[in-house]
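Student: Got a predicted structure plus its sequence, pasted below:
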Amino acid sequence: MNQKIGISIELGDAMKQGLADVVRGSQKKHRWLSYADVRVNLEEAQAASAQNGMLKESGRDYGLGISVRVLAGEAMQASGYYGISLGPTDVRQFFPVVENAVRISYERALANASHKAEYKEQWGDLGKSLWSTRLASVPVREDTIPAEYRMYPMDVSLDVIKETAKSVSHDLLGVSDKMKFAFSFLATWVERELFVSSEGALIDQTFCYTQGLVYAVARHNGVSQSHYDYLGHQRGWEIIEDGIHEEYMSFPNYRVFAENLALDACELTLCPPCPWTDAPVTVVTDPHYNTLKVHEIVGHPTELDRILKMEAAYAGRSWLANNLTDTFVGKRVGSELVNAYSDPSLPGFGHYVYDNEGTPAKKVWHIRNGILEGFMNSRQTSAILGDEPNGHWKANGDQVVPLVRMSNTVFAKGDRDPKDIIGEVKRGYYLSAHRTPSIAESRENFRITARKVWEIRDGKLETLYRDGGIMADSKDYFMNVDAVGNDFLLFPIPNCGKGQPMQVKRLGNGGPTMRSRAKLTGPREVK
Amino acid sequence: MQTIKYLKQSVEEGIKYVQSFPDVQEAEVAAFSNTQSVVRVNYTSHIPCNGVEEPKSKEDYGISVRVALKTSDGIKIGFGSEANNCSLDGVRIALEKARDGAVSDLEFVSLPDPSAVNHERTLFNYHDQAVMDLSDKEFVRAGWRILNGAIEKFQCSQVLKEFVVRKNLSAVSDLGLIVGGDLTIIAERAAICSTHMPEAMVDESTIITATLTAMVEKCVSKGTGYGMYSRLFDLDDWVGREAVQNAIDGCGIMTDEGLQEPVGIPSGAYDIVFGSEPVSDMLNNLVLPGLTASAFYEGESPFMGMMGRLIASPEINLYDDAVNPKYVAAKGMTCEGIPTKRTDLIQNGVLSDLLSNWYETNRLLRDGNAKEKLGMHPFRLFAEGKLQPASGFRFGTGGGRRYDSTPGIAGTTTILTGTDPKPVEELIGMVKDGLYVGRIWYCYPMNGLAAGDFTTTVIADSYVIKKGKITAPLKANAIRINDNILRVFRDIKGVSDRNRGSILWAADEVPYAPDVLVRNVPVEEIGAGGAMTAGG
């Protein structure tokens, strides 16, 4: 392949067919290889950051990396993986690099399989569960999926990005003398993912992403309030300038979005601390708050690798299953009003057509009318459980091994007017916008703080509190849901961590306004 | 991996090239090469599994340029990097990127100058060459060996055989045994050259860690094992055996009345002896992020205005020790070419220093509000040898030095010690009605870092204490702690004389901590409604 300078995503055009030839030919080269796939990630990006009206960093860059998986073995099958970051100088030798990566993965898989077979014998009763790795079958596709955008990320002048970051962080300091620190970070980029398998899959997907982060610290009379939030979508630069006005996503432009956050931080410095309650009280939570709630207590617990205990050492297990024969599947985990699903066809950070093993992505219901239904999975986890692959095996970029991850995991829309949901409450609390989560290991209990907490008295929002949140056992919380709004919204989650080494990944979450019961939490006064 | 000779030559030639441009006022050229090999373990006795789930690795190398440019708009600062090309052509491309992105940052003072710090480099040639030469077969075998240690421990446990009978099961595998975790082996090479250091500084480091979690699910018991090794030769199967032994210990305790199985406790305030992992977790998530120069500049530290004042019990001493090669996180130089050192952060409960890099130290020294933010004049601190830029690292998630990012601030080996340490048994003996907590989960600041409020749940290695004695294992995932780190640090009533390292998920630092006794910790009972009882 000829390469002028740097790396552009168009390079994928020249790589595709040769890559497919290398991977499809790998079984002939390696006797015990039963399956191989290669992911190639190409990226072009621009970004700028500013603090208090002063630019700190900016730049344009590109990236290229590959990740290989091989299943191989004589008596038993096992996997081997290899990932490497590449640069423009590697492009000329790209196919030999891929061949070498397949060879290394193959040797690891062979060594792994040999040990597995040996220990299966040696461990007796405890060796019975060691299985020969299999992947559930999926349709083998060749497909190309283009990105969606109006203002292509790499067509935006870096000066425009810099000026936006600088002026927004400058203007935030001007919203109030309580504002002490303002940080603005903007990034817009395009990623192209090629996926090729020895089964014949050849998937070519391109994604545009644009993201704006705001961080605001306000202080007044010894009260400090620090808050951050993200605006983001799988679109071009237009979302920064115009905001997002779609059926499921609604954001003002970045400048207004940032100012709103700064104004909240300043207002909260004047508010009393949120009280604690010893017993559950009525709580109404808005779509932004429910975005983090569905992420933590529905999304993560319905990842099949957790159900299979594969994350016991890191991200945790799931409150929805004790083991494969003792689960909540088909049983009630919430009131009739609780509905939740993952849907990669929804827009936003969690949108894609194929996952990172070429499985066509499908909507999967987790909870329908309060009954647990199904899990997000991968081909390997699906083969263990015996369900159908639904396309949720995703990595956060090149080099790393994908994991079962959320796409767009949401609470489904209800039929109530959110004003009525609040209006019916005689005494309770309204929580707006998520802040920080702390979840029990199997997600059976949560404490999540909110940016703003209002007391509700006789159906009206009264006192605004700072540093509040709620705490509840997950099942109790879901069983007490008695109203779900018709105001469904999707939000970007840019920083979901999972895996070892940890992969921080973008995805989507959301939901409507909901009402339930939980204990209210506040700050701990230190004397 | 690229050789250190190649990286050194690249940055030395690179700096000459960059400096040849008349508009370049200052420049730094850095080259890094990393390999991270991970064997991820996943064994489940009751669910089909692979044992070793993922033998995998990732590799990267590249060169970066930081530059201060003379322009018609004044000095501009730029950063650029190029992957997999440390030749002059790679330097040229990185410089072009740095020019394209250069910004006017009025808080920029200069690029790092090692001659301006008051300490010399003391750590050289401390890496293990065997790690650099690690073969694929060796590293896959090492993962299986650790798992085999764990399985053998399960197999020979008489306690588990008794549970099989007690619970009417047919085999030990029916107890729901789990072993998960990883063996991580990292090799890093670094070379840096700049206007201020015309001769390249180089560093090679190797890191071997293993973290295993074992469970006996039918007994609601979980145990942890940690291993940190400076030499590949020392790597054995101990970490697997330790995790399993801790899980077995959590299944039950033999008392005069017979076997005491794990119990829950009601909500209330308890005296708690926190083990090394929870103390390390609190350090990593709540304390160390607030002990950085940037947190003070931004006004986000829980310890604002407290330099030179008591912020913790006088029992507490905390320091970051980058230069002791017996610890796996040792580093000879920062990712700015500055020699590393020991930084004493808290001495006898008094806040005495902060972690910093070159940019943040210089920014604080010129910040008109620094005295108010710190509680002392920054020049005075600097004159005392504090606020030294000895913690400027470009760590990637899970290890490695990133060629494609500018330096942040990170700890290395962070060690908490007691002024008057006691045997842990003595601390437990001081508790009338309380807990020993050995592992916590999701320990996060809930209302911003500065507020100090935190919450966490208790997931493993924990016990109930009555009248100064451990009487029962505490059920995993049965309590949540809601407290404030400022309160916890001030109310420490005792520190043990044993000090263990913990590997924390996605953490930069490797903390070493003793057990500490804290009075009146608010505890909330959770999951009492049977959320995990599907009943199928």
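Tutor: Yep, it's here. Residues are numbered from 1 along each chain as shown, chains lettered A, B, ... in the order given.
Student: Please make it C-alpha for all contacts and neighbour counts, starting now.
Tutor: OK.
Student: all helices in the stretch 1-150 of chain A, in order from the N-terminus.
Tutor: Taking DSSP state H, counting those that start in this stretch as the test, the helices found in the stretch 1-150 of chain A are A:11-24, A:26-29, A:94-122.
Student: could the ones you listed be laid out in TSV, adding distance to B:Ala370?
Tutor: Formatted as TSV, the entries for the helices of the stretch 1-150 of chain A read as follows, by distance: least, CA to CA, whole Å:
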stretch	distance to B:Ala370
helix A:11-24	50
helix A:26-29	62
helix A:94-122	52
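Student: quick one, which of the ones you listed is nearest to B:Ala390?
Tutor: Closest to B:Ala390 of those is helix A:94-122 (CA to CA; 37.8 Å).
Student: so which of the helices of the stretch 1-150 of chain A is the most packed in?
Tutor: For these, ranked by mean neighbour count under the definition mean count of other CA atoms under 10 Å in any protein chain shown, the leader is helix A:94-122 at a mean of 21.
Student: burial count for A:Met502?
Tutor: Residue neighbour count, defined by other CA atoms under 10 Å in any protein chain shown, stands at 18 for A:Met502.
Student: which residue sits closest to it, ignoring its sequence neighbours?
Tutor: B:Ala506 (5.9 Å; CA to CA, 6 or more residues apart in numbering or on different chains).
Student: now do B:Arg342
Tutor: In this structure, B:Arg342 finds its nearest non-sequential neighbour in B:Asp321, 4.3 Å apart by CA to CA, 6+ apart.
Student: quick one: stretch B:210-229 to chain centroid distance?
Tutor: A distance of 18 Å separates the C-alpha centroid of stretch B:210-229 from that of its chain, computed with CA atoms, centre = their mean, to the nearest Å.
Student: Show the end-to-end separation of it, please.
Tutor: Criterion CA to CA, to the nearest Å; first-to-last residue distance in stretch B:210-229 is 9 Å.
Student: Can you list the buried residues in it?
Tutor: Counting neighbours by 16 or more other CA atoms under 10 Å in any protein chain shown, one finds that the buried residues in stretch B:210-229 are B:210-217, B:219-229.
Student: still on that earlier bit, any idea whether the residue nearest to A:Met502 is helix, strand or coil?
Tutor: Reducing the assignment at B:Ala506 to three states with DSSP: H, G, I helix; E, B strand; the rest coil gives coil.
Student: burial of it, as a residue count?
Tutor: Considering only other CA under 10 Å, B:Ala506 is surrounded by 18 other residues.
Student: Same check on B:Glu107?
Tutor: A count of nearby residues for B:Glu107, using other CA under 10 Å, gives 16.
Student: And it, how far from B:Phe393?
Tutor: Computed with CA to CA, the distance linking B:Glu107 and B:Phe393 is 20 Å.
Student: And A:Asp467, by the same measure?
Tutor: Using CA to CA, which is the criterion applied here, A:Asp467 is 33 Å from B:Phe393.
Student: still on that earlier bit, out of the buried residues of stretch B:210-229, which touch chain A?
Tutor: When CA under 8 Å from any CA of the partner chain is applied, the members of the buried residues of stretch B:210-229 adjacent to chain A are B:Leu212, B:Thr213, B:Ala214.
Student: Surely B:Asn78 and B:Ala94 touch.
Tutor: Not quite, residue B:78 is Gly, not Asn. No - contact status for B:Gly78 versus B:Ala94: not in contact, 9.9 Å apart, counting by CA atoms under 8 Å.
Student: how about the CA coordinates for the helix or strand hosting B:Gly180, as CSV?
Tutor: When elements are assigned from DSSP states H and E, B:Gly180 belongs to strand B:177-194. What follows is strand B:177-194 as a C-alpha-only set of coordinates in CSV (Å, rounded to 0.1, in the frame of the first residue of the first chain):
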residue,chain,number,x,y,z
LEU,B,177,-16.1,-22.0,43.6
ILE,B,178,-14.8,-19.0,41.7
VAL,B,179,-11.3,-17.8,40.9
GLY,B,180,-10.9,-14.6,38.9
GLY,B,181,-8.2,-12.1,38.4
ASP,B,182,-5.1,-11.5,36.5
LEU,B,183,-1.3,-11.7,36.3
THR,B,184,0.0,-8.5,34.7
ILE,B,185,3.6,-8.1,33.5
ILE,B,186,4.7,-4.7,32.3
ALA,B,187,7.9,-3.6,30.7
GLU,B,188,8.6,0.1,30.2
ARG,B,189,11.5,2.0,28.5
ALA,B,190,11.8,5.7,28.5
ALA,B,191,14.3,8.3,27.1
ILE,B,192,14.0,12.1,27.4
CYS,B,193,16.1,14.9,26.2
SER,B,194,15.5,18.6,26.2
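Student: looking at the sheet around B:Ile470, what are its partners?
Tutor: Legend: beta-bridge partners of B:Ile470 under DSSP bridges are B:Ile465.
Student: ok, now how distant is it from chain A?
Tutor: For B:Ile470, the distance to chain A equals 24 Å [CA to the nearest CA, to the nearest Å].
Student: next one: B:Asn125
Tutor: Plainly put, B:Asn125 is 27 Å away from chain A if you go by CA to the nearest CA.
Student: low pLDDT regions in the chain?
Tutor: Since you didn't name a chain, this refers to chain A. Low-confidence segments of chain A, defined by pLDDT under 70, span residues A:1-5.
Student: That was the other one, I meant chain B.
Tutor: Low-confidence segments of chain B, defined by pLDDT under 70, span residues B:528-536.
Student: and the top helix by length along it, C-alpha only, in CSV?
Tutor: The single longest helix within chain B, with elements called by DSSP state H, is helix B:136-155. Once side chains and other backbone atoms are set aside, the C-alpha atoms of helix B:136-155 remain, and they are given as CSV (Å, rounded to 0.1, in the frame of the first residue of the first chain):
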residue,chain,number,x,y,z
ASP,B,136,4.7,-16.2,25.3
LYS,B,137,4.8,-19.7,26.6
GLU,B,138,6.3,-18.6,29.9
PHE,B,139,3.6,-16.0,30.5
VAL,B,140,0.7,-18.4,29.7
ARG,B,141,2.2,-21.0,31.9
ALA,B,142,2.6,-18.5,34.8
GLY,B,143,-1.1,-17.8,34.6
TRP,B,144,-2.0,-21.4,34.8
ARG,B,145,0.4,-22.0,37.6
ILE,B,146,-1.3,-19.3,39.8
LEU,B,147,-4.7,-20.8,39.0
ASN,B,148,-3.4,-24.3,39.8
GLY,B,149,-2.3,-23.1,43.2
ALA,B,150,-5.8,-21.8,43.9
ILE,B,151,-7.5,-25.1,42.7
GLU,B,152,-5.1,-27.2,44.8
LYS,B,153,-6.0,-25.2,47.8
PHE,B,154,-9.7,-25.8,47.2
GLN,B,155,-9.1,-29.5,46.7
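Student: ok and that helix relative to helix A:94-122, angle-wise?
Tutor: Helix B:136-155 runs at 30 degrees relative to helix A:94-122, counting by axes from the mean of the first three to the mean of the last three CA atoms, to 10 degrees.
Student: tally of neighbours for B:Asn246?
Tutor: B:Asn246 is surrounded by 21 other residues when neighbours are defined as other CA under 10 Å.
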